[in-house]
Each structure stands twice: as C-alpha cells, then as structure tokens.
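1. coords please:
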Amino acid sequence: MMAWAVRTPAIKALVLIGSRERQTSDAVWRADDQSDWDFQVITSEPQVFATKAWTSGLTGAELKVYAARVARIGGVPKVNAIFAGAEADFVVLPAALMRTMKLAVALNLHRREGKVRRGLRDLAVVIRPGWRFLKGGETWDPLYRRVVADVADARLGDEAARGLADVFVCESVWVRRKIERGELLTAQRMIHRELAETNFRLLHELKLRRGERSFPEARRIERIAAEAELSAVSVSATLEAEALRAALAKSAATLRELMTALEGGSWRWPL
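-> Take a look at the predicted model:
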C-alpha cells in the first residue's frame, strides 16, 4: 500500500487506522487474527475507487472481491476489498473536501455547532483510537491532531434519546400488527434490525455517561458489557408468532429499563 501510494500522484495521503494501528496490550483494543486492515485515502481522484482497476497497482496483492459503497460514518465513498490472505477497507476522502475542512479548522469554524463540526465529528470518532500516516503526514497530520483535540465524539442527548424511544414505540406497534397478520419474516427483520439497534445505541450512550468503555454499533460488546447487559440487549426470535411476541416484549422491556437509567424515569411508555 505504501509503495503504491508513494508512486501515485493523485494519492495525497494514506492513513492506517483501526486495530492494526493500535499499539496496545489491551485485548479489547488490539488486533487479532480476525482483524482486517483499515485505511483512509485522501485523493484528488476519488472516482478512481468506483472500480477495482486501481488495485492492479498493488504489487503482490491478489484481489478476490471488490465492493464499492458508502461509509456508514461520514457518508463518504468506501471500498471493501478481499485479497488472498487479507481483507482491507478503504475510506475515500476527497482532497477538495479535506482542504475545505482544513481551512475551516484554521478559521476555528470547527468550534461552532454546525455542518463543519458535525463532519469533523465523523472523522474524530474514527481516528481517535489511533492513526499513522504512511504518506502525506507532513501536510495532514496537524489537522488530524487538532480535530482529535478539539472535536468531541457525537453523543446522544436526552432529547434525542426520547426521540429514539418514541420511534421504537411506533415500530413496536407496527411489528405487533405484522405478527398478528402472519407476516412473520418482516416482523423478525424489524425486531432484529431496528428495535435491537435502538437498544444498542441507548446502552452505548448509557455506558459512556457512566464513564465506561463502549464502542458504537455493538462492536466488541461481548468483551466489555456485563452479563446482565448482554442478556438485556440480545435478541433471538424464530419464525413463530409466540417467539416473535416474546422477543418484542423483551426488547420493549429493555428499552424502558435503558430510558429509566438514562433519564431517571421522565420518559414513560405511552401506550
């Protein structure tokens, strides 16, 4: 990757992030045999990553699968690539966008609540655990350091938590109706995808408020959560009406417990 970046003028910076960069003995943080390689690429030609053609320049890398999509955090282009013997993710950061962010930070606009700060939060949450420039550090590393120092990770405030809880209530009614109609697959999908995700987000915020370690998207939760927490947020429902009703009831009970812990009981289940 470094050799390719150095000889490719359109690559303004290559950054190694993720567990492969973390130099730690902490088992929760360090890379293991299942860890992939995570890179950020600052480039003047982001369109190049829409296809796999550029990977032919990676000497000794045998590409098996290439998938271009949009990153969940930040909404920028992202590539998942599986090579023989290794997997890698590439987050593509357009150089024009990064130059704009760099200027905004120089003008201290990142200290105000708004579009710039929201965009930099997405960058901060990804790089805060650690990063290393393989190319372009002299130009971009000062920006990364300032973003990490000045921009806090996004948090879930009480109002936002109440909004999530209200949506959960509406979705739970929708799920219940689907179960009664016999649409078991769609009910199962909603419980596992939407309702479980709400509880994961609320638990993540609760642990952060308590000063405990937590990762977004339920990452590494088995290593950091207490047994009772794991039991509360876990969901397993087969395609049977009674199993789905039980999973729905359990998810709703967990939501109420999490909201009570977050707000002290000011939010109540409205139905």
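2. Surely Leu63 and Gly57 touch.
-> No - between Leu63 and Gly57 there is no contact under C-beta atoms under 8 Å: 11.1 Å. From N, CA and C alone the C-beta is placed, and that goes for glycine too.
3. now the helices: where do they sit in the chain?
-> In the chain, the helices defined using DSSP state H lie at 2-6, 95-106, 115-127, 137-150, 158-181, 184-190, 196-209, 221-224, 227-233, 241-263.
4. Tell me how many other residues crowd Ala81.
-> Other residues within reach of Ala81 by the criterion other C-beta atoms under 10 Å amount to 23.
5. same check, this time on the one 5 residues further on
-> If you count neighbours by other C-beta under 10 Å, Ala86 ends up with 11.
6. repeat for Val173
-> Considering only other C-beta under 10 Å, Val173 is surrounded by 11 other residues.
7. Hmm, it is touching Leu271, no?
-> Yes - if you go by C-beta under 8 Å, Val173 and Leu271 touch, sitting 7.3 Å apart.
8. Could you check the pLDDT of Asp26?
-> Asp26 carries a pLDDT score of 63 in this model.
9. Asn108 now?
-> As predicted, Asn108 sits at a pLDDT of 93.
10. and the helices of the chain as CSV, adding distance to Lys12?
-> CSV is the format used below for those (distance: least, C-beta to C-beta, whole Å):
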stretch, distance to Lys12
helix 2-6, 9
helix 95-106, 5
helix 115-127, 15
helix 137-150, 7
helix 158-181, 35
helix 184-190, 41
helix 196-209, 33
helix 221-224, 36
helix 227-233, 41
helix 241-263, 42
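11. For Ala50, which of these is the nearest?
-> Between Ala50 and the helices of the chain, the tightest spacing by C-beta to C-beta is seen for helix 95-106, at 16.2 Å.
12. what distance separates the closest one from the centre of its chain?
-> The offset between the C-alpha centroid of helix 95-106 and the centroid of the whole chain comes to 23 Å, using C-alpha atoms, centre = their mean, to the nearest Å.
13. That helix to helix 115-127, inter-axis angle?
-> When axes from the mean of the first three to the mean of the last three C-alpha atoms, to 10 degrees is applied, the directions of helix 95-106 and helix 115-127 differ by 110 degrees.
14. Give me the helices and strands touching helix 95-106, please.
-> Counting by 3 or more C-beta pairs under 8 Å, 6 or more residues apart in numbering; DSSP states H and E, the packing neighbours recorded for helix 95-106 are strand 37-43, helix 115-127, helix 137-150.
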